[in-house]
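Asks: next comes the sequence, and after it the predicted model I'd like to discuss.
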Amino acid sequence: MKCFVTGATGFIGSNLCRELLKRGYKVKALVRENAVKKAIEGLDIEYAYGDVLDKDRLENLIRGCDWCFHVAASYQLWMKDYSSMYATNIDGTKNIINAAIKSGCSRIVYTSTVGCIALPKIVNGKLIPSDESIPVTEKQMSNHYKISKFRAEQVALEFAKNGAPVVIVNPSAPIGPYDIKPTPTGKVIVDFLNREMPAYLDTGLNWVHVRDVVVGHILAAEKGKIGERYILGNADGNLTMEETFKLLEQISSIPAPKVKIPYFVALLAAYIDESISKITGKPPKAPIAGVRMAKYKMFFNPQKAINELGLPQTAVKEAFIDAIDWFKKNGYVKT
């Protein structure tokens with residue numbers, strides 16, 4: 001069995017390549033010529049040099065592969081011009097799925113995001129984690145990244161409606177090893193370990209081990225129903241930032257930040273930060289889009305993936321321990 005993987009040099013993609021190899025699958029990875037391959041160095045995989053926008057070449061690159069995992073995406077919360085992100089996320093998705101169909105792939109797994117799932121609602125004073133069944137529209141997407149991913153997800157769903165073997169997965173907030181950049185979720189951990197997290201917002205995330213996420217991708221290919229969406233998260237992973245930092249304090253013995261920043265203060269600071277970025281051209285440290293996303297606790301219910309796919313549920317504490325160990329061993333933590 002041979003698998004085609006886009007986004008292989010990224011956090012989820014590189015972990016997916018490792019898990020596929022571990023299970024005996026052959027891997028062919030779509031990699032840009034100038035891509036940093038640090039996350040997949042030394043892996044016994046075949047490189048297919050190209051880009052998701054190389055519409056005319058993709059069919060030949062994918063041919064011979066049984067499954068296609070489209071993990072690649074442009075994830076930016078601030079850009080001077082968002083047109084390239086829309087092209088990569090929407091047109092790129094259309095190109096990859098179309099090429100995978102023509103190449104004869106029997107399963108195509110599209111990696112979306114929980115950002116495309118409806119936000120949790122408060123019922124009788126209690127916040128109820130959202131699941132895949134709650135209707136959501138583009139109007140609920142709060143920034144360009146979410147809009148582009150929502151439209152890309154609609155592309156994938158349309159292919160599925162027309163008979164393509166497409167299954168959609170929606171990872172929550174993965175953490176763990178091989179977070180090279182690091183990702184925004186990984187940076188929370190790195191900043192905490194480096195004592196660069198003096199305060200926090202009253203928000204929350206659904207944390208999940210990246211290993212569970214990539215296993216979920218494979219299970220989606222094996223067992224997922226065509227045209228269905230599956231939240232890849234942890235049933236016990238819904239933590240406020242205050243709870244998250246207390247857990248990190250427990251693991252690392254580094255004191256958790258005690259100051260909670262009011263939302264309006266953070267939003268005002270973000271507007272000032274982005275105003276400066278428009279002049280300097282340098283990305284803001286706190287994009288408006290990021291602060292707006294933090295207004296809501298991103299709590300989700302992955303029970304559908306647990307029941308239908310058998311999604312593993314590694315303890316969230318173990319996920320944080322694995323992430324911390326990897327960041328420490330790879331020089332991300334100041335001594």
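Replies: All right, it came through fine.
Asks: where do the strands sit along the stretch 201-335 of the chain?
Replies: With DSSP state E, counting those that start in this stretch as the criterion, the stretch 201-335 of the chain has strands at 204-209, 229-232, 238-240, 259-261.
Asks: reformat those strands as JSON lines; add mean neighbour count and distance to Tyr178.
Replies: Just so you know, the C-beta spots here come from the backbone N, C-alpha and C atoms, and that holds for glycine as well. Shown next, in JSON lines, are the strands of the stretch 201-335 of the chain (neighbours: other C-beta atoms under 10 Å; distance: least, C-beta to C-beta, whole Å):
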{"stretch": "strand 204-209", "mean neighbour count": "26", "distance to Tyr178": "12"}
{"stretch": "strand 229-232", "mean neighbour count": "27", "distance to Tyr178": "17"}
{"stretch": "strand 238-240", "mean neighbour count": "20", "distance to Tyr178": "22"}
{"stretch": "strand 259-261", "mean neighbour count": "12", "distance to Tyr178": "31"}
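Asks: nearest to Thr113, out of these?
Replies: strand 229-232 (10.0 Å; C-beta to C-beta).
Asks: and the closest one, what does it pack against?
Replies: strand 166-171, helix 210-223, helix 303-309 (3 or more C-beta pairs under 8 Å, 6 or more residues apart in numbering; DSSP states H and E).
Asks: quick one: closest of those to Gly331.
Replies: With C-beta to C-beta as the measure, helix 210-223 is the member of those nearest Gly331 (19.3 Å).
Asks: helices or strands up against that closest one?
Replies: Contacts defined by 3+ C-beta pairs under 8 Å, 6+ apart place helix 210-223 against helix 11-22, strand 67-70, strand 107-111, strand 166-171, strand 173-175, strand 229-232, helix 303-309, helix 316-329.
Asks: the stretch 1-150 of the chain: strands as residue ranges?
Replies: Taking DSSP E, counting those that start in this stretch, the strands of the stretch 1-150 of the chain run over residues 2-6, 26-31, 46-49, 67-70, 107-111, 121-123, 126-128.
Asks: of the ones you listed, which shows the lowest average pLDDT?
Replies: Among the strands of the stretch 1-150 of the chain, strand 121-123 carries the lowest mean pLDDT, at a mean of 89.
Asks: wait, doesn't Met45 sit right on Leu30?
Replies: Not Met; residue 45 is Ile. No - counting by C-beta atoms under 8 Å, Ile45 sits too far from Leu30 to count as a contact (10.8 Å).
Asks: what do the two both touch?
Replies: Shared contacts of Ile45 and Leu30 (C-beta atoms under 8 Å, 6 or more residues apart in numbering): Ala8.
Asks: more neighbours: which of the two?
Replies: A side-by-side neighbour count of Ile45 and Leu30, using other C-beta atoms under 10 Å, places Leu30 first with 27 against 21.
Asks: just give me the neighbour total for Gln115.
Replies: Let me fix one detail, which is that residue 115 is Gly and not Gln. Applying other C-beta under 10 Å, we find 22 residues neighbouring Gly115.
Asks: and the closest residue to it other than its chain neighbours, how many neighbours?
Replies: Once flanking residues are discounted, Gly115 sits nearest to Lys146: 4.6 Å by C-beta to C-beta, 6 or more residues apart in numbering. For Lys146, the count of nearby residues is 19 (other C-beta under 10 Å).
Asks: pretty sure Lys146 sits against Ala118.
Replies: No - assessed by C-beta under 8 Å, Lys146 is found out of contact with Ala118, at 12.0 Å.
Asks: so which of the helices and strands packed on strand 229-232 comes closest to Thr111?
Replies: Of the helices and strands packed on strand 229-232, nearest to Thr111 by C-beta to C-beta is strand 166-171, at 5.8 Å.
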